[in-house]
Each structure stands twice: as structure tokens, then as C-alpha cells.
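In: What follows is a predicted structure for the sequence shown.
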Amino acid sequence: MAEQVVIERVAKVYPGGNLALDDLSLAVEPGTFLVLLGPSGSGKTTLLRCIAGIERTTSGRITIGEALVADSQSHVPPERRGLSMVFQDYALWPHLVALDNVAFALRRHGLRRSECRREAAAMLERVGLGALAYRYPGQLSGGEQQRVALARALVAQMGLVLCDEPLSNLDADLRERVRVEISALIRATGATTVYITHDQAEAFALADRVGVLEQGKLVQLGRPEEIYTAPASAFVARFTGLAGELTVRVLGRVGSNGEVEVTAPLHRMAGSLRAQTTIPDPLPEHALLTIRPTAVELCAPDRDEHHVLGSVADVGFRDRGYEHAVDIAGAARVNNVLAPFRAERGETVGLRFDPAGCLLFPLAGSS
């Protein structure tokens with residue numbers, strides 16, 4: 001049965017005064033696949049370890065289902081929290097074969113050894129490792145070890161599964177394949193899942209909901225498409241993928257859908273551009289324009305369709321076309337500019353921006 005997880009005003013302070021979690025509140029509904037996204041030091045690992053019971057909270061409350069597992073007076077140990085965990089480093093017993101590593105998770109249920117091994121064998125078949133059941137971890141590849149760890153987490157049929165960056169040690173191709181396996185297998189169990197990563201593409205591909213952490217605070221929570229199209233701050237926009245940024249002059253609001261018209265100083269912009277913003281009135285004179293990679297189009301410099309001119313700093317072939325980095329003189333570099341044709345290094349090109357992917361935020365330090 002999927003469990004609800006409720007975190008109420010949790011703080012975690014390490015010795016020396018290092019504040020890892022800062023008055024953080026969050027509710028994860030039963031059956032939800034929540035991904036916590038943030039850079040190193042944002043608090044996502046600490047939060048996962050507090051939910052697991054590996055770390056004690058300094059203040060606040062955590063409940064799993066109907067059970068209070070942590071507050072200022074009590075701390076329920078990990079083995080009594082009714083959860084499973086998939087670790088970054090696999091955490092397999094090196095002296096046990098894959099079958100017994102998975103079966104180990106069932107021992108707490110009081111099942112006979114033969115029954116534990118039978119269920120473990122069935123779970124290894126589900127993750128595609130039935131033929132490798134009697135190999136030791138040292139005889140398995142990284143991806144195979146991670147699938148053994150996943151099988152161990154799922155075989156106990158807990159209502160809550162915690163995943164601590166389980167794909168970070170895998171190469172890019174294997175990471176994609178194991179990601180699909182993790183998503184399919186966990187969702188098939190119906191368990192509530194809390195999964196942490198610093199990879200925004202991984203987060204968006206897996207999550208029902210994404211929580212973005214910054215310096216121990218939950219700064220935005222929503223569906224992946226909400227986080228991407230309407231980031232709550234420049235930090236969230238940057239961490240979820242930008243091609244570049246420009247300081248622009250704000251001309252005023254246009255239409256009724258929240259768009260504003262902006263232009264760049266020093267005549268770097270040909271005409272003006274519309275952008276999305278949640279900045280309230282009165283609008284500032286200057287603001288930060290953040291540009292999603294999907295909002296940038298390479299075009300000829302001698303046509304009226306461009307917004308800015310730039311010089312190609314780098315170009316490389318990708319499976320979808322040619323990816324360019326373009327320098328706008330005296331302003332910024334715009335990366336990840338995809339085009340079906342190749343512009344050579346040093347070539348002058350035009351850039352056109354789609355207002356749907358141009359997001360306007362206050363400049364740092366402005367009120």
C-alpha cells in the first residue's frame with residue numbers, strides 16, 4: 001500500500017552550525033513519484049536521509065502513512081519505517097550472490113529461506129537478471145548491480161521507495177536504459193517514491209512532481225512542465241536549463257497574458273522582444289532575460305527576422321543537428337543553439353528568440 005509522506009517545518013543543523021535544511025515543509029501523496037532536484041549542497045540528500053531515518057532532524061516533524069517517525073522527542077530507526085532504499089553505490093553484500101542479496105530484504109518478514117529465495121528469483125526475472133542470479137556483485141557490471149539493488153528494494157513490497165541518485169555511477173547509454181526500468185518497475189508496484197538527482201533531464205523524465213531545493217529550502221514544487229515553463233526564480237530557471245541570459249531594458253506590458261516588451265541596451269537588439277514574467281507592477285527599468293534552449297533559432301544575419309547578432313564561438317555535431325555556442329559582443333554567450341545546418345566558428349549569425357521560452361526576472365539585488 002502506497003504511503004503518504006508529510007514533512008513539517010523540518011530543519012537539520014550539522015555540528016559547526018551548517019544549516020542543511022531550513023524550515024522545509026512538503027507533502028507527498030500516496031503513489032506519487034516525486035523527484036527532488038538541486039545542486040550539490042542544496043539539501044536533497046540530507047532530506048532523503050532524514051525521511052529514511054539515517055539522519056536525525058534538528059526540529060520539525062516527519063510522518064509516513066499514519067506513523068510519526070521523527071519529531072523533537074522521537075526518532076524511529078530506518079528498519080521500522082516501512083520503506084526500501086536504492087543507493088547510489090548499490091550497497092550490495094559482496095559475499096552474497098545476487099539471489100541472496102535480494103532475498104535478504106525478505107528475512108525481516110519471517111519467511112522461510114526457500115520462500116525468500118523463490119520470491120527473490122521471481123523479482124530478478126522481472127529486472128532481467130534471472131540468468132545471473134548466482135553471480136556475486138563483483139562479477140556483475142554497474143548496471144547489473146543497480147538492477148539487483150532495485151530488485152532488493154522492490155521485492156519487500158514496501159509502500160515507500162527512496163532512491164539516492166541511483167544512476168549517477170552509470171555511463172550515459174546505460175543510465176537511460178536503467179532509468180526506464182526504474183520508472184516502469186516502481187510504478188508497477190504503486191509505491192510512493194522519493195528520488196533525488198542533480199540532473200534536470202532525468203528529473204523531468206521520471207517525475208510526477210518535481211521539488212527544487214536551494215540552500216536547504218524548497219523553492220518550487222510542481223509538475224515537470226510547470227517547473228520548466230514557469231520557474232519561480234532565476235535560480236530555478238538556470239538549474240533546469242538555459243541557453244543564456246541578457247540584461248535588458250523593460251519597455252512595458254503588452255497584451256493581457258502577462259507578457260512584457262524588452263530591448264537590450266547598447267543597440268545589441270534589433271527592435272524589441274516579448275518575454276514572459278511574473279514580476280508585479282511597478283515593473284523595473286532593467287531586468288534579467290533568461291532564454292531556454294528551445295527558444296533560440298539560428299538565422300541569417302542580413303534578414304530582418306533576427307533579434308541579436310553574434311559570432312559563432314563553437315559548433316559540434318549532435319544527433320539532432322549542429323549545436324552552436326554564439327557570443328553576443330559585450331553581452332553574453334548563448335549555448336545549445338541547435339540548427340539543421342552548420343555555421344562555422346567566427347561566422348556572424350543572427351539569433352531569433354521565441355517569447356514562449358524567454359523568461360524575465362528581477363536583477364540580483366533588486367527589490
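Out: Nice, I can see it.

In: Could you list the low-confidence segments of the protein?
Out: Across the chain, residues meeting the criterion (pLDDT under 70) sit at 265-269, 365-367.

In: Have a look at it and report its longest helix.
Out: helix 172-189 (DSSP state H).

In: If you count contacts, what does that one end up packed against?
Out: Under the contact definition 3 or more C-beta pairs under 8 Å, 6 or more residues apart in numbering; DSSP states H and E, helix 172-189 sits against strand 33-37, helix 142-155, strand 160-164, helix 200-206. From N, CA and C alone the C-beta is placed, and that goes for glycine too.

In: so the following helix or strand past it versus strand 33-37, what angle?
Out: Next helix or strand after helix 172-189 toward the C-terminus (DSSP states H and E): strand 192-197. For strand 192-197 against strand 33-37, the angle by axes from the mean of the first three to the mean of the last three C-alpha atoms, to 10 degrees is 20 degrees.

In: helices or strands next to strand 192-197 in the packing?
Out: strand 33-37, helix 44-52, strand 160-164.

In: any chance of the ones you listed in CSV, with distance to Arg320 too?
Out: Formatted as CSV, the helices and strands packed on strand 192-197 follow (distance: least, C-beta to C-beta, whole Å):
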stretch, distance to Arg320
strand 33-37, 24
helix 44-52, 30
strand 160-164, 29
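
In: between the ones you listed, which one is nearest to Ala300?
Out: With C-beta to C-beta as the criterion, Ala300 lies closest to strand 33-37 of those, at 37.7 Å.

In: So which bits of the longest helix of the chain are buried?
Out: The neighbour-count check on helix 172-189 (16 or more other C-beta atoms under 10 Å) flags Leu174, Arg175, Val178, Arg179, Glu181, Ile182, Ser183, Leu185, Ile186, Thr189 as buried.

In: tell me which element Val102 falls in.
Out: helix 98-103.

In: just how off-centre is that helix within its chain?
Out: Helix 98-103 sits 30 Å away from the centroid of its parent chain (C-alpha atoms, centre = their mean, to the nearest Å).

In: buried sites along it?
Out: Buried, per 16+ other C-beta under 10 Å, within helix 98-103: Ala98, Leu99, Asp100, Asn101, Val102, Ala103.

In: same thing with stretch 114-124?
Out: Using 16+ other C-beta under 10 Å as the test for burial, stretch 114-124 gives Cys116, Arg117, Glu119, Ala120, Ala121, Met123, Leu124.

In: Alpha carbons only: can I get that stretch in CSV?
Out: This file holds the C-alpha atoms of stretch 114-124, laid out as CSV (Å, rounded to 0.1, in the frame of the first residue of the first chain):
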residue,chain,number,x,y,z
SER,A,114,13.2,-21.3,0.4
GLU,A,115,10.3,-18.9,0.1
CYS,A,116,12.6,-15.8,0.3
ARG,A,117,14.7,-17.2,-2.5
ARG,A,118,11.7,-18.1,-4.6
GLU,A,119,10.4,-14.5,-4.5
ALA,A,120,13.8,-13.1,-5.0
ALA,A,121,14.3,-15.3,-8.1
ALA,A,122,11.0,-14.0,-9.5
MET,A,123,12.0,-10.4,-8.9
LEU,A,124,15.4,-10.9,-10.6
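
In: So what touches it?
Out: With C-beta atoms under 8 Å, 6 or more residues apart in numbering as the test, stretch 114-124 has contacts from 98-100, 102-104, 106-107, 111, 130, 132-133, 148, 151, 154-155.

In: Determine which two of those residues are furthest apart.
Out: Taking C-beta to C-beta as the measure, those span a maximum distance of 22.7 Å, between Leu111 and Leu132.

In: Arg249: what secondary structure?
Out: With DSSP: H, G, I helix; E, B strand; the rest coil as the basis, Arg249 sits in strand.

In: got CSV for the buried residues of helix 172-189, with distance to Ile279 too?
Out: Below are the buried residues of helix 172-189 laid out as CSV (distance: C-beta to C-beta, whole Å):
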residue, distance to Ile279
Leu174, 43
Arg175, 37
Val178, 41
Arg179, 36
Glu181, 43
Ile182, 39
Ser183, 36
Leu185, 43
Ile186, 39
Thr189, 43
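
In: List just the nearest of those to Ile7.
Out: Ile186 (20.3 Å).

In: so who does the closest one touch?
Out: Residues counted as contacts of Ile186 (C-beta under 8 Å, 6+ apart) are Phe33, Leu154, Val161, Thr193.

In: Most widely separated two among the residues you listed?
Out: Farthest apart among the contacts of Ile186 by C-beta to C-beta are Phe33 and Leu154. That separation is 13.7 Å.

In: coming back round to it: what angle separates the next helix or strand after the helix holding Val102 from helix 172-189?
Out: With elements assigned by DSSP H and E, the helix or strand that comes after helix 98-103 is helix 113-126. Note on geometry: by the same axes, to 10 degrees, helix 113-126 and helix 172-189 are set 120 degrees apart in direction.

In: How far does helix 113-126 sit from its chain's centre?
Out: Centre-to-centre, helix 113-126 and its host chain are 33 Å apart (C-alpha atoms, centre = their mean).
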